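Colleague: Here is my input; please provide its structure:
(one chain, ligands or ions: 1)
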Amino acid sequence: MKKLAIGNDHAATQMKFEIMEYLQGKGYELINVGTDTNESMDYPVSGYKVAKLVADGQVDGGIAICGTGIGISLACNKVKGIRAVACSEPYSAKMSRRHNNSNVLCFGARVIGIETAKDIVDAWLDAEFEGGRHQRRVDLITKIEQDQEL
Ligand code: RB5
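Modeller: Numbering: from 1, shown residues only. Model prediction:
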């Protein structure tokens, strides 16, 4: 992944800026679709913008941050083709790429500190989907999404 969408609500503006600076320093190209102020706003709006860019193939993946990471991940997952995960530690982030082919990483600015957030982002970006039996399982998730049945 080289080009990423990043979005946030008011609870995560400062963390978003710090993650942006961190990733730009590593050479990632970012599209910022979140709020840049601390004024209260609705996280589904930012989650949708991140998810849409990913689903449309305009970026390789997305990062979405709110207070807990939960609300914004729920919003992202309503967009077809999105597998958003809310992570509070690096192991889950890494495995969500390897086994679940996650394409949006979410976390909570009120849950973790910036250094843990950077570790989570690194773990997620450095991991690759393993395919094989995991592809079959991801395909089943997609079937549920498309058909609303298995
Ligand atoms: C905003 O207060 C908060 O609800 C939001 O950032 C997020 O935690 C929702 O899941």
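
Colleague: quick one: secondary structure of the residue lying closest to Ala127 once chain neighbours are set aside?
Modeller: The spatially closest residue to Ala127, leaving aside those adjacent along the chain, is Arg97, at 3.7 Å (C-beta to C-beta, 6 or more residues apart in numbering). Where you see a C-beta, it was placed from the backbone N, CA and C, and this is true even at glycine. Under the three-state scheme (DSSP: H, G, I helix; E, B strand; the rest coil), the conformation of Arg97 reads as helix.

Colleague: Please verify my assumption that Arg97 contacts Asp122.
Modeller: No. The pair Arg97 and Asp122 does not pass the contact test of C-beta atoms under 8 Å, sitting 11.5 Å apart.

Colleague: Compare neighbour counts for those two and give me the winner.
Modeller: More crowded of Arg97 and Asp122, by other C-beta atoms under 10 Å: Arg97, with 23 against 16.

Colleague: How about the residues of the protein by the ligand?
Modeller: Applying the criterion C-beta under 6 Å from any ligand atom, the portion of the chain that neighbours the ligand consists of 9, 11, 43, 66-68, 70-71.

Colleague: one more time with 8 Å
Modeller: Taking C-beta under 8 Å from any ligand atom as the criterion, the chain approaches the ligand at residues 9-12, 40, 43, 66-72, 74, 108-110.

Colleague: Dihedrals phi and psi, Ala12?
Modeller: Backbone geometry at Ala12, expressed as degrees, to the nearest 10, gives phi -130, psi 20.

Colleague: Which secondary structure state is assigned to the closest residue to Lys118 other than its chain neighbours?
Modeller: Distances taken as C-beta to C-beta, 6+ apart place Tyr22 nearest to Lys118, at 5.6 Å, with adjacent residues excluded. With three-state DSSP as the basis, Tyr22 sits in helix.
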